[in-house]
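K.L.:
Below are the sequence and a predicted model; questions follow.
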Amino acid sequence: MWPRGNCKHYTWSMEWPPWVTPAMILAAALWIVREIRTLGERLAHLEGRITGWQDRNAGAPTIRSDGSG
């Protein structure tokens with residue numbers, strides 16, 4: 001299945017250790033993608049909370065000065 005001999009293609013054993021299987025590579029890739037997505041969601045959630053705090057702190061004096069608060 002993998003090319004062998006003196007051709008320019010790399011063999012499976014040259015690229016990866018023999019105990020690494022395509023299923024393991026696929027699982028690792030999916031795990032990394034999932035971690036990046038959840039990390040992005042966590043960062044967006046945290047950023048939203050920070051901007052929410054800033055908006056509340058910045059908006060409080062204007063509401064009080066208008067007398068509508």
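P.N.:
Yep, it's here. Numbers count the residues shown, from 1 in each chain.

K.L.:
C-alpha from now on. contacts and neighbour counts both.
P.N.:
Will do.

K.L.:
Could you list the low-pLDDT ranges of the chain?
P.N.:
For the chain, the stretches with pLDDT under 70 are 1-15, 50-69.

K.L.:
again, 90 this time
P.N.:
Scanning the chain for pLDDT under 90 picks out 1-23, 25, 37, 39-69.

K.L.:
Pull up the gap between L46 and L39, please.
P.N.:
Applying Cα to Cα, to the nearest Å, the value for L46 to L39 is 10 Å.

K.L.:
Then G48?
P.N.:
As judged by Cα to Cα, G48 and L39 stand 14 Å apart.

K.L.:
do A27 as well
P.N.:
In terms of Cα to Cα, A27 sits 18 Å off from L39.

K.L.:
got it, and W31?
P.N.:
For W31, the distance to L39 - Cα to Cα - is 12 Å.

K.L.:
Check L30 too.
P.N.:
14 Å.

K.L.:
Can you give me the distance of A27 to P18?
P.N.:
17 Å.

K.L.:
Could you do T38 as well?
P.N.:
From T38 across to P18, the span is 31 Å (Cα to Cα).

K.L.:
Going by how many neighbours each has, rank the two and give me the top one.
P.N.:
T38 (12 against 9; other Cα atoms under 10 Å).

K.L.:
what helix or strand is that one on?
P.N.:
T38 belongs to helix 22-66 when assigned by DSSP states H and E.

K.L.:
Need the CA coordinates for stretch 23-42. PDB is fine.
P.N.:
What follows is stretch 23-42, C-alpha atoms only, in PDB (Å, rounded to 0.1, in the frame of the first residue of the first chain):
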ATOM      1  CA  ALA A  23      -6.800   6.100  12.900                       C
ATOM      2  CA  MET A  24      -4.600   7.600  15.600                       C
ATOM      3  CA  ILE A  25      -3.600  10.500  13.400                       C
ATOM      4  CA  LEU A  26      -7.300  11.100  12.500                       C
ATOM      5  CA  ALA A  27      -8.300  11.000  16.100                       C
ATOM      6  CA  ALA A  28      -5.500  13.400  17.100                       C
ATOM      7  CA  ALA A  29      -6.400  15.800  14.400                       C
ATOM      8  CA  LEU A  30     -10.100  15.800  15.400                       C
ATOM      9  CA  TRP A  31      -9.100  16.200  19.000                       C
ATOM     10  CA  ILE A  32      -6.900  19.200  18.200                       C
ATOM     11  CA  VAL A  33      -9.700  20.800  16.100                       C
ATOM     12  CA  ARG A  34     -12.200  20.300  18.900                       C
ATOM     13  CA  GLU A  35      -9.800  21.800  21.500                       C
ATOM     14  CA  ILE A  36      -9.100  24.900  19.300                       C
ATOM     15  CA  ARG A  37     -12.900  25.400  18.800                       C
ATOM     16  CA  THR A  38     -13.600  25.100  22.500                       C
ATOM     17  CA  LEU A  39     -10.700  27.400  23.300                       C
ATOM     18  CA  GLY A  40     -12.100  30.000  20.900                       C
ATOM     19  CA  GLU A  41     -15.500  29.700  22.500                       C
ATOM     20  CA  ARG A  42     -14.000  30.100  25.900                       C
END
